[in-house]
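> Predicted model and sequence below, questions to follow.
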Amino acid sequence: MSKINTRSPYYITITSSKLSSVNFDIWIYTGTKITDRTSGNLFRLSSTAIANTVTVEISELVSDYILSSFNGVYDSEIVWVDYRSQSVISGTAQAYTTFTTLKGFNGYGFFDQGANPQNLESLLQSNTTILKPDDSPVVLAVDSSITTSVAFYANNEQLYTQLISPSFIAKQQIKYVSNSVNGVDTFEERVLSFNGTFENNLCIQEFLDDFTIFPVDTIYINGTNGVDIIKVENIQECKYQPYKLTFINKFGVLQSIWFFKRTNETLTTKKEDFKRNIVVNGSYDTSRHQQKVLTKNGNEKLTLNTGYYPESYNDVFKQMQLSEDNWIEINNKTLPINVSGSSLAFKTQLNDKLINYTVEIEFAYDTINNIR
């Protein structure tokens, strides 16, 4: 089944001899394919033919119905797009065609992929090496319509295999697979998720340093288009606090990158002020403000460093930079952010030896709560 990656145009072209115009019925909906069509949104378009050809672009219609959100739980939903057309030939309307069903993803293609990019892979990410803290799980997205199973291995021993079944339900088209428990990211969160009490002491820290809580080093993704092999590198970071940044990648799914090294935090303030009259009965109090602040708020920024990453991650950082939606997890909270920099210099092992990216992000809200 074809995809609409809504951040790139999707063209429907109809050509016929003596074509005058074409009418289109386009349904956009969620739920069960075909069954829930009439509960969705219907668009009726009409376009005049030029040189016996009609071309319409529908991505902008579809993109309004795909919501991007992340609250710490990996979950995405696509939309079904059903359309049919009626050609008008020499002024006479013909019968409508049967419906064509498409899947709408919040993804995109690059220029060199040409028109109507598809991204028809089982694994919905570009990199086949994943770096993560040794006390955190790995999470990746697969296309459930063309993926049959995902197997997790550690030290050549199979931990478990998750079977993937195709579905006609929109919410089940993207499947997030993980070696985590209840979606937690750390051993502490695992304890708390079972209503336990976490005691942070020297003995616990030595245990965490000696053992990998979420052991996995290889993942096999079996799909109708072959097998993808993912290598997982478990990083021990003893000096700095790692941070996880999550974004919408080019496949239209949630993907995370860990920043392992130094983090700097800054606060930028903005204000509105005015000059007020402080004179009372011919005198004034010298402790009162003549230049008075009317409103003042701030915005916090973080400068993150990745640590050493393989060159294969360049495309991942490219997609992070192009993402319209980003989040960071801090103190067990998922917070919205925007990537501040407008440029990214790609690094290679040949030119740069060890690859470390520095990324500046800003929180996508004011520091003082002013939501009204």
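Yep, it's here. Numbering: from 1, shown residues only.
> Which strand residues bridge the closest residue to residue 340 other than its chain neighbours?
Leaving aside its sequence neighbours, residue 340 sits nearest to residue 360 (CB to CB, 6 or more residues apart in numbering; 4.3 Å). Where you see a C-beta, it was placed from the backbone N, CA and C, and this is true even at glycine. Beta-bridge pairing of residue 360 under DSSP bridges involves residue 303.
> OK, contacts around residue 360?
301, 302, 303, 304, 339, 340, 341 (CB atoms under 8 Å, 6 or more residues apart in numbering).
> Mind putting those residues into TSV with distance to residue 228, neighbour count and pLDDT?
Putting the contacts of residue 360 into TSV (distance: CB to CB, whole Å; neighbours: other CB atoms under 10 Å; pLDDT from 0 to 100) gives the following:
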residue	distance to residue 228	neighbour count	pLDDT
301	36	16	94
302	33	20	94
303	34	15	93
304	28	23	93
339	27	19	92
340	33	12	85
341	31	11	72
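> Distance check, residue 171 against residue 149.
Distance from residue 171 to residue 149, counting by CB to CB, to the nearest Å: 20 Å.
> of the two, who's got more company?
residue 149 (16 against 12; other CB atoms under 10 Å).
> Tell me where the chain has helices.
For the chain, applying DSSP state H gives helices covering 59-63, 187-193, 202-210, 314-322, 349-352.
> Closest one of the contacts of residue 360 to residue 108?
Ranked by distance to residue 108 (CB to CB), the contacts of residue 360 are led by residue 339 at 16.3 Å.
> Tell me the bridge partners for the closest one.
residue 361.
> Was I right to think it contacts residue 319?
No: counting by CB atoms under 8 Å, residue 339 does not reach residue 319; the two are 11.2 Å apart.
> so where is this protein shaky, pLDDT-wise?
181-214, 342-354 (pLDDT under 70).
> Residue 54: how many residues sit nearby?
Using other CB under 10 Å: residue 54 sits among 24 other residues.
> what's near enough to touch it?
13, 14, 15, 19, 21, 22, 47, 48.
> in terms of contact, does the fourth one touch residue 88 like I think?
The reference is to residue 19. Yes: counting by CB under 8 Å, residue 19 does reach residue 88; the two are 7.4 Å apart.
> Name the nearest residue to residue 68, ignoring sequence neighbours.
Nearest to residue 68 is residue 325, by CB to CB, 6+ apart, at 4.4 Å.
> what's the residue nearest in space to the middle of the chain in contact with, if anything?
Geometric centre of the chain, nearest residue: residue 248, 1.6 Å, by CA atoms, centre = their mean. By CB under 8 Å, 6+ apart, the contact list for residue 248 reads 68, 106, 107, 254, 255, 323, 324, 325.
> show me what contacts the closest residue to the third one other than its chain neighbours?
If I follow you right, that is residue 107. Excluding its sequence neighbours, the residue lying closest to residue 107 (CB to CB, 6+ apart) is residue 252, at 3.3 Å. Neighbour list for residue 252: 5, 6, 66, 76, 78, 105, 106, 107, 108, 124 [criterion: CB under 8 Å, 6+ apart].
> Out of these, which sit inside strands?
5, 105 (DSSP state E).
> burial count for the residue nearest to residue 68?
Residues near residue 325, counting by other CB under 10 Å: 17.
> quick one on the thing from earlier: could you dump the contacts of residue 252 to a markdown table with distance to residue 242?
What follows is the contacts of residue 252, written out as a markdown table (distance: CB to CB, whole Å):
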| residue | distance to residue 242 |
| --- | --- |
| 5 | 31 |
| 6 | 32 |
| 66 | 30 |
| 76 | 24 |
| 78 | 31 |
| 105 | 29 |
| 106 | 27 |
| 107 | 27 |
| 108 | 29 |
| 124 | 24 |
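> Which one (most neighbours) among the contacts of residue 252?
Result: residue 105 is most packed of these (other CB under 10 Å), 28 neighbours.
> ok, and the closest non-adjacent residue to it?
Per CB to CB, 6+ apart, closest to residue 105 is residue 252, 3.4 Å.
> on that earlier part again, the residue nearest to residue 68 and residue 130, how far apart?
Applying CB to CB to residue 325 and residue 130 gives a distance of 21 Å.
> cool, and residue 48?
51 Å.
> one step back: so the residue nearest to residue 68 touches residue 70, yeah?
Yes: here residue 325 reaches residue 70: they are 7.5 Å apart, a contact under CB under 8 Å.
> Which residue is the nearest non-sequential neighbour of residue 115?
residue 11 (5.9 Å).
> That neighbour pairs with what?
Applying DSSP bridges, one finds that residue 11 bridges with residue 57.
> Verify the contact between it and residue 47 for me.
No: the criterion here is CB under 8 Å, and residue 11 misses it with residue 47 at 11.7 Å.
> what residues are shared contacts of these two?
Taking CB under 8 Å, 6+ apart as the contact rule, residue 11 and residue 47 both touch 55, 56.
> between those two, who's got more neighbours?
Between residue 11 and residue 47, counted using other CB under 10 Å, residue 47 has the larger neighbour count: 16 against 11.
> who's in contact with the more buried one?
21, 22, 24, 54, 55, 56.
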